[in-house]
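Visitor: sequence unavailable; structure follows:
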């Protein structure tokens, strides 16, 4: 349930929730620490009180001091060094009557700490002081008798052991420790030591103040961090999500992707990558849609011809006409077959291109291999001779490319030149270095040349200026060449030869 709850929260809410949980845990540990700190500080002071009480009782018993006012007074004067740094020492007899109080003695102020103007242990005039000592508990807003405390102590299970209690007011913290005094197993009186322990209260207050300030500081830091997280990270991510939804739903809503793209951090890089990926995907979708439309259009023409030829063939008995109709049927079937084959090859190429990587290759070796293969086929078949002129036979022409794609480029160009060339003609393939060490590949033929004023049209899919043997071609060869050239960051141009008949196709590869 808890994991499902966390999963349902946004990143900002998760951040705030986790910080709240951590804050509560730290708060509980801090409260536990504060609750234990005070008893520990009191325990340290109590241990000093107990030591002084034990020493005092030892002196009383050793000197055989009677629990009478005069004996106790003389004893307090003679042992005042024991009570230095204490605020008050009080002695009671076995009947809880006051027999000695350092606050009522006319002692040298250097012997005892200065009297504090407090009301926790209020001593009346000298005659009444022997009867009762009042203790005012401010927290409970009522007066508590020290005699009552001693009475309760005498009946408690801690009787015979030191007993400590505290009295806390607005501006002071009083710590008192009492213990009974026994002689030969008989209780003869009580000794109470009282000390103003404001340092304990100050230490606790300082800790509380520090913790409070730290908590406020942490809350402010969390608030600022949450604001920065939401403003500069989560909100842009939400905008990216909204952008992807708009693209998915093909909505016409405006997006602020350009604002995100202008950022110089990782989100800006992500936004640029996402936008580029989306644009590329849209281009591919548009390309696929247009290609499919063109393919359907190209297939429809031979299908129409097939339908007409088959209808006429079915109705005529003229052998000569039937022979021509059969040639038309064969031509159209070849055309459709070639279209489907090339279209399938293009789809395979697109998948392969996404997996293949560029590497350093020698263009001359690849061109020589393709030229040799074409010469073996067409030199004997049609008398067409393909020559490779690389100017310097020893020089190497390196480019960054995919070897089998470069072979495909050269093969398609040669195939196109052969389609427009008559028998016994020559085709020249040139490789040389141009400006800035760019590698240039040229295919020059002696065919009919281009009729188009704008030769860029020949690289369009299914361009209609076709040779007589077009049934052997799909009209996609030069378009495939153009796509592969773009893949290699190269440029391609076509023109007619200036001094002779024929066409000239030039590819410029960038410097490696």
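Guide: Structure's in. What do you need? Not measured: the values here are computed from a predicted model.
Visitor: what segments of the stretch 201-350 of the chain are helices?
Guide: Ranges of helices in the stretch 201-350 of the chain, per DSSP state H, counting those that start in this stretch, are 235-249, 257-261, 266-315, 319-353.
Visitor: how many residues are close by residue 49?
Guide: 22 (other CB atoms under 10 Å). Any C-beta I mention is one placed from the backbone N, CA and C, and that applies to glycine too.
Visitor: what's the answer for residue 43, then?
Guide: Neighbour tally, residue 43, other CB under 10 Å: 10.
Visitor: show me how the record splits this structure into domains.
Guide: Listed domain ranges for the chain are 9-204, 256-355, 357-512 (source: automatic domain parsing).
Visitor: which residue, neighbours along the chain excluded, lies closest to residue 385?
Guide: residue 426 (5.0 Å; CB to CB, 6 or more residues apart in numbering).
Visitor: thought that neighbour was touching residue 382?
Guide: No - the criterion here is CB atoms under 8 Å, and residue 426 misses it with residue 382 at 11.7 Å.
Visitor: that older thread, turn the helices of the stretch 201-350 of the chain into JSON lines, including mean neighbour count, distance to residue 207 and mean pLDDT.
Guide: Formatted as JSON lines, the helices of the stretch 201-350 of the chain follow (neighbours: other CB atoms under 10 Å; distance: least, CB to CB, whole Å; pLDDT from 0 to 100):
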{"stretch": "helix 235-249", "mean neighbour count": "14", "distance to residue 207": "40", "mean pLDDT": "80"}
{"stretch": "helix 257-261", "mean neighbour count": "16", "distance to residue 207": "47", "mean pLDDT": "75"}
{"stretch": "helix 266-315", "mean neighbour count": "13", "distance to residue 207": "42", "mean pLDDT": "77"}
{"stretch": "helix 319-353", "mean neighbour count": "15", "distance to residue 207": "69", "mean pLDDT": "75"}
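Visitor: distance to residue 178 added to the ones you listed, as CSV?
Guide: What follows is those, written out as CSV (distance: least, CB to CB, whole Å):
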stretch, distance to residue 178
helix 235-249, 67
helix 257-261, 75
helix 266-315, 70
helix 319-353, 94
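Visitor: and of these, who's closest to residue 169?
Guide: The stretch from the helices of the stretch 201-350 of the chain with the least distance to residue 169 (CB to CB) is helix 235-249; that distance is 54.0 Å.
Visitor: can you list contacts of the closest one?
Guide: 11, 251, 253, 255-257, 260, 263, 267, 270-271, 274, 278 (CB atoms under 8 Å, 6 or more residues apart in numbering).
Visitor: at 10 Å what do you get?
Guide: 10-12, 229-230, 251-257, 259-260, 263, 265, 267-268, 270-271, 274-275, 278, 281-282 (CB atoms under 10 Å, 6 or more residues apart in numbering).
Visitor: ok, and the closest non-adjacent residue to residue 369?
Guide: residue 407 (7.3 Å).
Visitor: for that neighbour, phi and psi?
Guide: phi -60, psi -40 (degrees, to the nearest 10).
Visitor: which residues touch it?
Guide: Applying CB under 10 Å, 6+ apart, the residues contacting residue 407 are 366, 367, 369, 370, 373.
Visitor: I'd like to know how far it sits from residue 333.
Guide: Between residue 407 and residue 333 the computed distance is 29 Å (CB to CB, to the nearest Å).
Visitor: again with residue 449
Guide: Residue 449 is 31 Å from residue 333, where distance means CB to CB.
Visitor: tell me how far residue 201 lies from residue 175.
Guide: From residue 201 to residue 175 the distance is 10 Å (CB to CB).
Visitor: hey, what's in contact with both of those two?
Guide: Shared contacts of residue 201 and residue 175, counting by CB under 10 Å, 6+ apart, come down to 41, 166, 168.
Visitor: just name the closest of those residues to residue 186, please.
Guide: Once CB to CB is applied, the member of the shared contacts of residue 201 and residue 175 that ends up nearest residue 186 is residue 166, at 30.4 Å.
Visitor: helices or strands up against the helix or strand harbouring that closest one?
Guide: If you go by DSSP states H and E, residue 166 is part of strand 163-168. Using 3 or more CB pairs under 10 Å, 6 or more residues apart in numbering; DSSP states H and E as the contact test, the elements touching strand 163-168 are helix 11-62, strand 134-137, helix 146-155, strand 173-183, strand 186-196, helix 198-229.
Visitor: as CSV, the ones you listed with distance to residue 345 and mean pLDDT would be great.
Guide: As requested, those are arranged in CSV below (distance: least, CB to CB, whole Å; pLDDT from 0 to 100):
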stretch, distance to residue 345, mean pLDDT
helix 11-62, 47, 84
strand 134-137, 100, 36
helix 146-155, 105, 82
strand 173-183, 93, 87
strand 186-196, 99, 87
helix 198-229, 51, 85
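Visitor: so for residue 344, which of the ones you listed sits nearest?
Guide: Nearest to residue 344, of all those, is helix 11-62, at 46.0 Å by CB to CB.
Visitor: relative to strand 163-168, how tilted is that closest one?
Guide: Helix 11-62 and strand 163-168 are oriented at 130 degrees to each other (axes from the mean of the first three to the mean of the last three CA atoms, to 10 degrees).
Visitor: what's the first helix or strand after helix 11-62?
Guide: Next in sequence after helix 11-62, counting helices and strands by DSSP H and E, comes helix 69-78.
Visitor: can you list the buried residues in that next one?
Guide: By neighbour count on 16 or more other CB atoms under 10 Å, the buried set for helix 69-78 is 69, 71, 72, 73, 75, 76.
Visitor: so what secondary structure elements neighbour that helix?
Guide: helix 11-62, strand 88-93, strand 98-101.
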